[in-house]
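S.K.: Need coordinates for the below:
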Amino acid sequence: LIQSTCFVVAVVTTSRLDTVSWKMPTIAVQKDLLFEVLGRTYTDEEFDELCFDFGIELDEVTSEKQMLTREQGEEKAEDASDTIIYKIEVPANRYDLLCMEGLTRGLLVFLNKMEAPRYRAVKPSSGPLQRLIVKPETAQVRPVGLAAVLRNVTFTQESYRSFIDLQDKLHHNIGRRRSLVSIGTHDLDTVEGPFTYEALPPDQIKFVPLNQTKEYTAVELMDLYSKDSHLRAYLPIIRDKPVYPAIYDRNRVLLSMPPIINGDHTRITLNTKNVFIDITATDLHKAKIVLDTLVTMFSQYCREPFVVECAEVERPDGSVELYPELKYRTEVVPVDLINRGVGISEGAESIAKLLTRMCLKSEVAEDKRSVEIEIPPTRADVIHACDIVEDVAIAYGFNNITMTFPKTNCTAQQLPVNKLSDKLRNNIAQAGFTESLTFALCSRDDIASRLRKDIKDIPAVHISNPKTLEFQVARTTLLPGLLKTISANKKMPLPMKIFEVSDVVFKDKEKDVGTRNHRRVCAVHYSRSPGFEVIHGLLDRLMQLLEVPFSSDGSGYCITATEDPTFFPGRCAEIHVRGKAIGKLGVLHPDVLTSFELNMPTSALEFDIEPFL
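M.R.: Numbers count the residues shown, from 1 in each chain. Model (predicted):
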């Protein structure tokens, strides 16, 4: 058991995986401000229940002082505020709930205390539209540029902080840490349009960045921010590009160098009245969602609430478009589909009221059997009818859905290939071999050059955007994983006998997904002598268990001499079962062992088990 545990640990440590947190987005709101907007106070338990009913979750009740005490100690938290803070977990695709404004707006509509606002994008009442001109060279780095204007805004300290926090949330969430989308917000009264979105060599970009007092070139900023705990994570996005993006006004005042930093000249303060918003991105669809989300959330602070001023965006081809779009669209969903999906029996009028509470203004269709739903620009998460069904379930209340037994009755049964795999695992372990579990992805070298083969001759499935060099293809053989496991456990006593029963993957144009899986068994013997007789004996034992007799006339199994570059010349055999080749066994070539940093003779066996089903 101890030896087996060591092998499993070794497999994990032989590869470096970047860890990614999949925790749902969490927003922090002050309890008093939240209740003030909602128009009443709640106990923690009551608000927790309201969150559940709305489809979100009250994750933690804390304070700034408690958070600092936990993170930095009591001394650092001595002067921190004791104001109660609610940390609320929201669905990752509900971008409209990532700030205090969107959350309270959604809750008020849900509680029937207000109607969902109507968002409008308008041209300025006087003067020309602001224009962002996108230059052709931006295609080398971030080809998408959008813009909009919030006029006559009134910020408070709390709303300003929320404005900044929402940008950070959007950067990390839909913007994928600014790699897909980045946001720039500027005091429009400090600059003069039209604005140009350009891409220039780094040494030609020079400006005073936010919170700095002297000018830096883009090259100098890369060095400066490489030591910044917050901004250094974004530097690789453009660091190796031949040109860096930059946005200038008419007078060549630099607004920002996306996605890294804004200029200090256009810094927003509590006194800012007119906000110019720029969005740069590699994905136009996501850029539109981010722009729509930002302006709909904070247009409530404009003199005319929920009204946004359009800006012109001139493309490199000369075409001009207005943004933000703030499009509304209509979907028609049958009542029967919703009732079946949720497990309720509600009429069209009742369902329309439920959806209206979820900020999806709805009414009964002319046929009385469907509901017409208007999808606002804030609900980018509504893509399919099933998203509408989900909102009906939330508004109806999951606890109000009557529990019923399924109308179908099925008897579960283990897949034959898994049943056979389990039986083989048990018997191979009883033969003295230790099971190893290795990654299904590996490097191209693992299945090709390290096995003395050419990658061009292998129908491997390649990963288009591999995270690391060690995960470039889906494995086509189990052998490299076992050899890497032995290499990581060379301090273990000899002989080492390990095996794996798992899938390999091959390209197959005849399959609907373009690939096919094969379940294989692979065993390796590593010691001072090759131990070919041990591997051969394991093959004979497995064939005995599979009730396949030894026969050279095609009615059973046999082995025939063959050549394979992975194996030592004259020490390789092909396994035939009922006239069909299913695998190979033999003594591995010294060059293969050297490529995996092994220095002892090794024998291996690998064959397909699906012909035995």
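S.K.: Using the three-state scheme, assign the closest residue to His589 other than its chain neighbours.
M.R.: Nearest residue to His589, sequence neighbours excluded (C-beta to C-beta, 6 or more residues apart in numbering): Phe568, at 5.2 Å. (Glycine included, C-beta is placed from N, CA and C.) Of the three states, Phe568 takes strand under DSSP: H, G, I helix; E, B strand; the rest coil.
S.K.: Quick check: pLDDT value at Phe568.
M.R.: Reading off the confidence values, Phe568 has pLDDT 94.
S.K.: for it, what are its contacts?
M.R.: Neighbouring residues of Phe568 by C-beta atoms under 8 Å, 6 or more residues apart in numbering: Gly586, Val587, Leu588, His589, Pro590.
S.K.: got a list of what Met297 touches?
M.R.: Asp96, Cys99, Glu101, Gly102, Leu166, Thr378.
S.K.: go on, Tyr160?
M.R.: Ile268, Leu270.
S.K.: Secondary structure of it: a helix, I assume?
M.R.: Yes. Assessed by three-state DSSP, Tyr160 belongs to a helix.
S.K.: Asp59 versus that one, what's the distance?
M.R.: 24 Å (C-beta to C-beta, to the nearest Å).
S.K.: can you give me the end-to-end distance of stretch 543-563?
M.R.: 23 Å (C-alpha to C-alpha, to the nearest Å).
S.K.: List the buried residues for that stretch?
M.R.: Met543, Leu546, Val548, Gly556, Tyr557, Cys558, Ile559 (16 or more other C-beta atoms under 10 Å).
S.K.: just those residues now: which is nearest Ala348?
M.R.: Leu546 (60.5 Å; C-beta to C-beta).
S.K.: Just the pLDDT for that closest one.
M.R.: 93.
S.K.: which phi and psi does it have?
M.R.: Dihedral angles of Leu546 (phi, psi; degrees, to the nearest 10) stand at phi -80, psi 0.
S.K.: start the count at 25, not 1, going forward
M.R.: Okay, using 25 as the starting number, the last item reads as Leu570.
S.K.: so who does it touch?
M.R.: Leu570 neighbours (C-beta under 8 Å, 6+ apart): Phe636.
S.K.: Would you mind measuring from it to Leu294?
M.R.: Distance from Leu570 to Leu294, by C-beta to C-beta: 78 Å.
S.K.: How are the helices of the stretch 325-474 of the chain distributed by residue range?
M.R.: 359-366, 372-380, 409-420, 440-454, 468-471 (DSSP state H, counting those that start in this stretch).
S.K.: Now the shortest one: average pLDDT?
M.R.: For helix 468-471, the per-residue pLDDT values average out at 93.
S.K.: Grab the CA positions of that helix and hand them over as PDB.
M.R.: The C-alpha trace of helix 468-471 is given here as PDB (Å, rounded to 0.1, in the frame of the first residue of the first chain):
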ATOM      1  CA  ARG A 468       4.600  15.600 -28.300                       C
ATOM      2  CA  ASP A 469       8.000  14.300 -27.500                       C
ATOM      3  CA  ASP A 470       6.600  11.800 -25.000                       C
ATOM      4  CA  ILE A 471       4.700   9.900 -27.800                       C
END
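S.K.: Quick one: list the elements packing against it.
M.R.: helix 503-511 (3 or more C-beta pairs under 8 Å, 6 or more residues apart in numbering; DSSP states H and E).
S.K.: Tell me the first helix or strand C-terminal of the helix it packs on.
M.R.: strand 520-531 (DSSP states H and E).
S.K.: Kindly export that following strand (C-alpha atoms) in CSV.
M.R.: The C-alpha coordinates for strand 520-531 follow below in CSV (Å, rounded to 0.1, in the frame of the first residue of the first chain):
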residue,chain,number,x,y,z
MET,A,520,9.6,-2.1,-10.0
LYS,A,521,6.6,-3.6,-11.6
ILE,A,522,3.8,-1.1,-12.5
PHE,A,523,0.8,-1.2,-14.8
GLU,A,524,-2.1,1.0,-16.0
VAL,A,525,-5.5,0.2,-17.5
SER,A,526,-6.8,3.3,-19.2
ASP,A,527,-7.8,5.0,-22.5
VAL,A,528,-5.6,6.3,-25.3
VAL,A,529,-7.0,8.6,-28.0
PHE,A,530,-6.6,8.6,-31.8
LYS,A,531,-7.9,10.8,-34.6
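S.K.: how about the strands of the stretch 275-424 of the chain, start to end?
M.R.: For the stretch 275-424 of the chain, the strands defined by DSSP state E, counting those that start in this stretch cover 278-281, 285-286, 299-305, 331-333, 335-338, 344-347, 353-358, 386-388, 394-399.
S.K.: So which of those is nearest Glu88?
M.R.: strand 285-286 (26.2 Å).
S.K.: quick one: strands adjacent to that closest one?
M.R.: In the sheet, strand 285-286 lines up against strand 278-281 (antiparallel) (DSSP bridges).
S.K.: Mind listing residues that contact the partner strand?
M.R.: 208, 210, 215, 219, 229-231, 233, 242, 245, 268-273, 286-287, 289-290, 300, 302.
S.K.: out of those, which are buried?
M.R.: 208, 210, 215, 219, 229, 231, 233, 242, 245, 268-273, 286-287, 289-290, 300, 302.
S.K.: Go through those and flag which are in strands.
M.R.: Gly208, His210, Phe219, Phe231, Tyr268, Pro269, Ala270, Ile271, Tyr272, Asn286, Phe300, Asp302 (DSSP state E).
S.K.: Adding pLDDT, write the residues you listed out as TSV.
M.R.: Listed next are these as TSV, based on pLDDT from 0 to 100:
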residue	pLDDT
Gly208	95
His210	95
Phe219	96
Phe231	94
Tyr268	95
Pro269	96
Ala270	96
Ile271	96
Tyr272	96
Asn286	94
Phe300	96
Asp302	95
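S.K.: now for the residues you listed, which pair is the farthest apart?
M.R.: Going by C-beta to C-beta, the pair spanning these furthest: Tyr268 and Phe300, at 20.4 Å.
S.K.: thinking again about what came up before, show me which of the contacts of Phe592 are buried.
M.R.: Judged by 16+ other C-beta under 10 Å, buried ones among those: Gly610, Val611, Leu612, His613.
S.K.: What strands flank the one helix or strand the first one maps to, and is each parallel or antiparallel?
M.R.: Looking back up the chat, that one is Gly610. Gly610 belongs to strand 604-612 when elements are defined using DSSP H and E. Using DSSP bridges, the strands paired with strand 604-612 in its sheet are strand 591-601 (antiparallel), strand 626-632 (antiparallel).
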